[in-house]
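>>> mind folding the following:
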Amino acid sequence: RHSDGSGAGAAACNLGAAAPYYERISYKRRTDAMTDRSSPLEPVALKPADFHILLVLSEGNLHGYGLMKQVEEQSQGRVRLEVGSLYRLIDRLRSQGLIERAGEEDGDSRRRDYRITGRGRATLELEVERLREVAALLREKRLFGPGEGSR
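So this is what the prediction gives:
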């Protein structure tokens with residue numbers, strides 16, 4: 001229960017700086033919000049692997065193995081993609097219109113490069129905004145200070 005005794009959710013909480021994002025959030029099933037390429041983007045929290053794949057591809061095109069290594073390095077080993085799951089993730093992100101094949105630059109048909117799409121970049125930007133607002137909320141609630149959270 002909240003201090004006002006209402007038991008209400010986020011609307012009764014003082015969200016401060018984080019309120020703008022949370023006022024826009026809709027609680028659709030993840031698959032509904034992410035599989036329709038033609039639907040407008042709505043804030044949907046990305047899975048850590050999806051976030052890191054999009055973040056790596058936002059820096060440039062990369063093939064699967066390079067993507068796997070960059071995600072692991074960027075996440076400091078917290079996100080490790082196994083070969084079997086990597087290509088399922090890539091296929092899902094492609095079907096959602098978030099990434100696409102970039103073509104065969106080196107002539108090796110076994111090595112496929114991928115790139116982030118405009119929809120993928122917009123999704124990544126929404127997620128970055130969401131994470132900033134979550135961090136601001138945590139700082140406001142004194143759950144970590146300005147220098148913390150980047151361990």
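>>> Ala135: what secondary structure?
Classification of Ala135 using DSSP: H, G, I helix; E, B strand; the rest coil returns helix.
>>> and Val71, how close does it get to Gly97?
Distance of Val71 to Gly97, computed by C-beta to C-beta, to the nearest Å: 20 Å. Any C-beta I mention is one placed from the backbone N, CA and C, and that applies to glycine too.
>>> between these two, which has more neighbouring residues?
Per other C-beta atoms under 10 Å, whichever of Val71 and Gly97 has more neighbours is Val71, with 24 against 17.
>>> touching, the more buried one and Phe51? I think so.
No - in this structure, Val71 is not within contact of Phe51 by C-beta atoms under 8 Å, at 9.5 Å.
>>> got the buried residues for stretch 61-75?
By neighbour count with 16 or more other C-beta atoms under 10 Å, stretch 61-75 contains the buried residues Asn61, Leu62, His63, Gly64, Leu67, Met68, Gln70, Val71, Ser75.
>>> would Tyr114 count as being in a strand?
Yes - under three-state DSSP, Tyr114 sits within a strand.
>>> contacting residues for the closest residue in space to it that isn't next to it in sequence?
Counting by C-beta to C-beta, 6 or more residues apart in numbering, Ile99 is the residue found nearest to Tyr114 once chain neighbours are left out, at 5.1 Å. For Ile99, the contact set (C-beta atoms under 8 Å, 6 or more residues apart in numbering) comprises Ile53, Leu54, Leu57, Ile90, Leu93, Tyr114, Arg115, Ile116, Thr117, Gly120.
>>> model confidence over stretch 60-69, on average?
Mean pLDDT, stretch 60-69: 95.
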